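**Q** Got a predicted structure here, sequence first:
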Amino acid sequence: MDNVTVTLSDNTHRCIAAGTPAVDILKDCCDVKNPVAVRIGSRLCDLNTLIDHDDRVEFIANDSAEGLAVLRHSVSHLMAQAVKNLFPDVKVTIGPSIADGFYYDFDTPEPFTPADLEKIEAEMHELVKQNLPIRRRVMARDEAVELFRTKGETYKVEIISELPPSESVSLYEQGDFIDLCRGPHLPSTSKIKAFKLTGLAGAYWRGSENNKMLQRIYGTAFPDKKSLQAHLQLIEEAKKRDHRKLGRELNLFNIYDEAGAGLIVYHPKGALLRRILEDFEVKQHLRRGYQLVKGPQILKLELWEKSGHLDNYRENMYFTVVDEKQYGLKPMNCLAHMLIYNSSRRSYKELPLRFFELGTVNRHEKSGVLHGLTRVREFTQDDAHILCMPEQLNQEILNIIRFITDVMEVFGFECAVELSTRPAKSIGTDLDWQRATDALQAALKACDLSYGVNAGDGAFYGPKIDFKLQDSLKRSWQCATIQCDFVLPERFDLSYIGADGEKHRPVMLHRVILGSIERFIGILIEHYAGAFPAWLAPVQAQIITISDEQHEWAHEVHARLLAHDIRAELDLRNESLNFKIREAQVQKIPYMLIIGANETAVHGIAPRSRTGKNLGCMPVDEFISLLQLECRSAQQKLH
RNA sequence: GCCGGCGUAGCUCAGUGGUAGAGCAGCUGAUUCGUAAUCAGCAGGUCGACGGUUCAAAUCCGUCUGCCGGCUCCA
């Protein structure tokens, strides 16, 4: 028999007989514990793949990212097998591994119930016990089509049928269950040690709402029970910082059935938090050469027609009639800004013009997508439209990216950046789109920002750069966005007189920094777990008296703090100190100012920080300076 | 919008066809307290809404509404 030479990950070589299973060389030469797969050359393969030529061989550990994906993929197959055992009528479709686990989509006459999940889990454990070998088979395409047709697995037939006729396909077999799959997989069901089915949901076949809705079962799996437990624990912890829960507990906002879905009602503390953010934003924009503007909530239908919104955004808009004239409730802020630009003859000397508006917009979102503060039907954008000469475009985009990254740094957010290109439904010429996309891409490159590309995900009027933040449950939300637009200036016939005395067309950038104030607050709540830094906290200091004797001094302290613009509240209730501290603590107020007989005697206060630290008795002025310093330094990165 | 689950006191939740419950919050009284819950008493609900089945519905069925988990869509 011929020999082949394999190169291991430590760059040593082994000479083995051709046709040796990869797993056979594991024991004498590899420090990878618990491998689940092997990479031969660039291909990820099953452990018992036969090695028949010279190549690099690298074992994949079960706790590596790739290893976990293999493990979870195998568990998704195990689940499919269990489901087929329990419900022979269901048809299997696809079941990949995903970020934190896996899912499998089934076409079933009767939807699964939560109780079914337990049964399926039990059946999976049973299959693990049976220690079924998982075997790869390669089959001619037509043969595979025939196999799945006789089994009634029409989705599999559909998938295979789309492959080129000459191509052979691989199948995986465990017990009497056989599934079309690229692999690789674990060698046996018994290698599966820890898994949990986590959810049940509808999902369209191939992700299109025109297709049949399938039943999706989500699950997760880990190399061992301990890490599974740790993962589930983490999810529990994340749920505790869910902004919907904290929003209620901290009494920031509420959503009322009687007011309507997706409509936020801010309670005093939430409204204050929001105002603090907005004040911060106005200040930052004025510093950067933006001008504050404000448009109306409703504008005549003709204007929306002119802008293209009526053709491209109608299903998301609300309409109303005033004095027999049709109006559209604004879903975006750009229109009024166009009018402002056109309100006078513009010179190149004025450009760039940067119009900033905290603009409240209404969008008709489908009922099923509404989600706390992060997906609503009325929200306020920190919106700006920058009108500039084409040659200023690049610098303006760079300024915005800088603005965004600076602001995100203040809050301590990391964000993922994506470039979105022309969607199917859009307006404008190919050339415009190309220029706009190039401009955005050039800026991203100049900033050395790593980004992904989302083909076809742009706005209808132009491509965009999106900055996405994650919530505590790892759902990703778009916040900042920069959109390049050559179309609206055209539609509104915007112009400026250049140095040459001729009329020219300006270019427009739409951009938001926080995105939607609502969404940003939601993510902020989760980011800080409700414990806002002092500069953002709606209540910065809670004054707590120990007994009635200190009321007079406490009132005086309160007045002094308010006079220095410190957001302080007074707790004079006849309750124990412990009780009042606990309550302030639960409300996550940054400082509690304890006033007892000792403090009153020397006209001082004893601040206790949210972290539990007692700062000792100090004069009121000293605390004021301390807090002011803390607030200033939190925003220091912005000047 | 689609699939599934859910809606009981301000909040968290128990209650599977037969007189609506608990803890916390609230109110009243006592207690005047030194760094995360003082004690006692009282009050609080057309069980999301409407319709149906039944001698009888929080409970079973239907419609609507809202919320939750996803899918599609999106800031």
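**A** Sure, I can see it.

**Q** Now the helix or strand encompassing A:Val557: average pLDDT?
**A** Using DSSP states H and E, A:Val557 falls within helix A:551-563. For helix A:551-563, the mean per-residue pLDDT is 97.

**Q** Next: stretch A:596-610.
**A** 96.

**Q** Is it positioned near RNA strand B?
**A** Yes. With Cβ under 7 Å from any atom of the strand as the criterion, RNA strand B is reached by stretch A:596-610 at A:Gly596, A:Ala597, A:Asn598, A:Glu599, A:Ala606, A:Arg608. The C-beta positions use only the backbone N, C-alpha and C, and glycine is treated the same way.

**Q** Make sure I have this right: A:Glu357 is in a helix.
**A** No. Counting by DSSP: H, G, I helix; E, B strand; the rest coil, A:Glu357 is located in no helix; its state is strand.

**Q** distance of it from RNA strand B?
**A** To RNA strand B, A:Glu357 is 14 Å away according to Cβ to the nearest atom of the strand, to the nearest Å.

**Q** Now do the contacts for that residue.
**A** A:Leu292, A:Val293, A:Lys294, A:Gly295, A:Asn333, A:Ala336, A:His337, A:Gln381, A:Asp383, A:Ala384 (Cβ atoms under 8 Å, 6 or more residues apart in numbering).

**Q** tell me the two of these that are most distant?
**A** A:Leu292 and A:Gln381 (14.0 Å; Cβ to Cβ).

**Q** Comparing those two, which shows the higher neighbour count?
**A** A:Gln381 (24 against 12; other Cβ atoms under 10 Å).

**Q** Help me confirm that that one comes into contact with A:Val361.
**A** Yes. Proximity of A:Gln381 to A:Val361 meets the contact threshold set by Cβ atoms under 8 Å, at 6.2 Å.

**Q** ok so, going back, just the residues of stretch A:596-610 next to RNA strand B now: which is nearest A:Leu263?
**A** Comparing these against A:Leu263 with Cβ to Cβ places A:Arg608 closest, at 38.2 Å.

**Q** sorry, back to before: give me the subset of the residues of stretch A:596-610 next to RNA strand B that lies in strands.
**A** Counted as lying in strands by DSSP state E, out of the residues of stretch A:596-610 next to RNA strand B, are A:Ala606, A:Arg608.

**Q** By neighbours, which of the residues of stretch A:596-610 next to RNA strand B wins?
**A** A:Glu599 (22 neighbours).

**Q** can you list the domains in chain A?
**A** Following automatic domain parsing, one gets these domains for chain A: A:3-61, A:66-238, A:260-296+A:330-527, A:541-638.

**Q** quick one, which of those is nearest to A:Phe319?
**A** When those are compared by Cβ to Cβ, domain A:260-296+A:330-527 sits nearest A:Phe319, at 10.0 Å.

**Q** How far away from the center of its chain is that closest one?
**A** 18 Å (Cα atoms, centre = their mean, to the nearest Å).

**Q** now the end-to-end length of that domain.
**A** One end of domain A:260-296+A:330-527 sits 27 Å from the other (Cα to Cα, to the nearest Å).

**Q** one step back: need the CA coordinates for the helix holding A:Val557. PDB is fine.
**A** Taking Å, rounded to 0.1, in the frame of the first residue of the first chain, the C-alpha atoms of helix A:551-563 are listed here in PDB:
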ATOM      1  CA  HIS A 551     -35.800  67.600  58.100                       C
ATOM      2  CA  GLU A 552     -34.900  71.300  58.100                       C
ATOM      3  CA  TRP A 553     -31.300  70.700  57.200                       C
ATOM      4  CA  ALA A 554     -32.300  68.100  54.600                       C
ATOM      5  CA  HIS A 555     -34.500  70.700  52.900                       C
ATOM      6  CA  GLU A 556     -31.600  73.200  52.900                       C
ATOM      7  CA  VAL A 557     -29.300  70.600  51.300                       C
ATOM      8  CA  HIS A 558     -31.900  69.800  48.700                       C
ATOM      9  CA  ALA A 559     -32.300  73.400  47.800                       C
ATOM     10  CA  ARG A 560     -28.500  73.900  47.500                       C
ATOM     11  CA  LEU A 561     -28.200  70.900  45.200                       C
ATOM     12  CA  LEU A 562     -31.000  72.000  43.000                       C
ATOM     13  CA  ALA A 563     -29.500  75.500  42.800                       C
END
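
**Q** Indicate each strand paired with the helix or strand following that helix and its parallel or antiparallel sense.
**A** Stepping forward along the backbone from helix A:551-563, the first helix or strand reached (DSSP H and E) is strand A:568-571. Take DSSP bridges as the rule and strand A:568-571 pairs in its sheet with strand A:541-545 (parallel).

**Q** send the alpha carbons of the partner strand over as CSV?
**A** The C-alpha coordinates for strand A:541-545 follow below in CSV (Å, rounded to 0.1, in the frame of the first residue of the first chain):
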residue,chain,number,x,y,z
ALA,A,541,-28.6,62.0,44.5
GLN,A,542,-31.2,60.8,47.0
ILE,A,543,-31.2,62.7,50.3
ILE,A,544,-32.0,60.3,53.1
THR,A,545,-32.7,61.5,56.7
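
**Q** If you rank every helix and strand of chain A by mean pLDDT, what lands last?
**A** helix A:26-29 (a mean of 70; mean pLDDT, DSSP states H and E).

**Q** Show me where the stretch 251-400 of chain A has its helices.
**A** Assigned by DSSP state H, counting those that start in this stretch, the stretch 251-400 of chain A shows helices spanning A:268-287, A:301-307, A:309-312, A:334-341, A:393-411.

**Q** okay, these in a markdown table with distance to RNA strand B and mean neighbour count next?
**A** Below are the helices of the stretch 251-400 of chain A laid out as a markdown table (distance: least, Cβ to the nearest atom of the strand, whole Å; neighbours: other Cβ atoms under 10 Å):
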| stretch | distance to RNA strand B | mean neighbour count |
| --- | --- | --- |
| helix A:268-287 | 14 | 16 |
| helix A:301-307 | 15 | 18 |
| helix A:309-312 | 10 | 17 |
| helix A:334-341 | 12 | 21 |
| helix A:393-411 | 12 | 19 |
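
**Q** residue contacts, A:Ala499?
**A** By Cβ under 8 Å, 6+ apart, the neighbours of A:Ala499 are A:Tyr348.

**Q** Is stretch A:113-121 positioned near RNA strand B?
**A** Yes. On the criterion Cβ under 7 Å from any atom of the strand, stretch A:113-121 is in touch with RNA strand B at A:Thr113, A:Pro114.

**Q** Dump the C-alpha coordinates for that stretch into CSV.
**A** The C-alpha coordinates for stretch A:113-121 follow below in CSV (Å, rounded to 0.1, in the frame of the first residue of the first chain):
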residue,chain,number,x,y,z
THR,A,113,-46.4,22.6,21.7
PRO,A,114,-44.0,23.4,24.5
ALA,A,115,-44.9,20.0,26.0
ASP,A,116,-43.6,18.4,22.7
LEU,A,117,-40.3,19.9,23.4
GLU,A,118,-39.9,17.9,26.5
LYS,A,119,-40.8,14.7,24.7
ILE,A,120,-38.4,15.5,21.9
GLU,A,121,-35.6,16.2,24.5
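
**Q** Show the average pLDDT along that stretch.
**A** Averaged over stretch A:113-121, pLDDT sits at 89.

**Q** Can you give me the buried ones in that stretch?
**A** A:Asp116, A:Leu117, A:Ile120, A:Glu121 (16 or more other Cβ atoms under 10 Å).

**Q** got it, and stretch A:37-56?
**A** Using 16+ other Cβ under 10 Å as the test for burial, stretch A:37-56 gives A:Ala37, A:Val38, A:Arg39, A:Ile40, A:Leu44, A:Cys45, A:Asp46, A:Leu47, A:Asn48, A:Thr49, A:Ile51, A:Asp55.

**Q** Likewise for stretch A:153-168?
**A** A:Glu153, A:Tyr155, A:Lys156, A:Val157, A:Ile159, A:Ile160.
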